[in-house]
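# Structure here, sequence nowhere to be found:
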């Protein structure tokens, strides 16, 4: 496989923020696809206390080459002080789907598809 792929995970405290992150990442071509999952129940340590919260998970499909830009976007847009940003390697997948990820995350790709939707 010539390219390497990752699934990047983050969580937010609202569906609206999750959708905003998803749309921004796909619009910038830092991810080919972003899926919202939730609500989910999270339990974690924060500032010396065990916390529980309802959150929304965003799963981004991207190439390793675009990971740093995606992570920067998540960090800049996210409302959390320390957002979850975890990249899990894709060890296998449909070649057609992986090729599609490559095509959709190429830097400088035309945004004609976005423009066509507004026509």
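Good, I have the coordinates. All values reported here derive from a predicted model rather than from experimental measurement.

# The helix or strand encompassing residue 58: what's the following helix or strand?
Secondary structure from DSSP states H and E places residue 58 in strand 49-63. Where DSSP H and E defines the elements, the next helix or strand beyond strand 49-63 is helix 67-77.

# Just list whatever residues bridge to the most centrally placed residue in the chain.
By CA atoms, centre = their mean, the mean C-alpha position of the chain lies nearest to residue 60, the distance being 3.0 Å. The residues listed as beta-bridge partners of residue 60 by DSSP bridges are residue 8, residue 34.

# How much space separates it from residue 43?
In this view, residue 60 and residue 43 are 23 Å apart by CB to CB, to the nearest Å. (C-beta placed from N, C-alpha, C; glycine too.)

# What is the burial count for the closest residue to residue 18 other than its chain neighbours?
Setting aside the residues directly before and after it, residue 18 is nearest to residue 56 in space (CB to CB, 6 or more residues apart in numbering), at 3.9 Å. Counted with other CB atoms under 10 Å, the neighbours of residue 56 add up to 21.

# Run through the neighbouring helices and strands of the strand holding residue 58.
Secondary-structure packing of strand 49-63 (3 or more CB pairs under 8 Å, 6 or more residues apart in numbering; DSSP states H and E): strand 5-12, helix 15-27, strand 33-46, helix 95-104.
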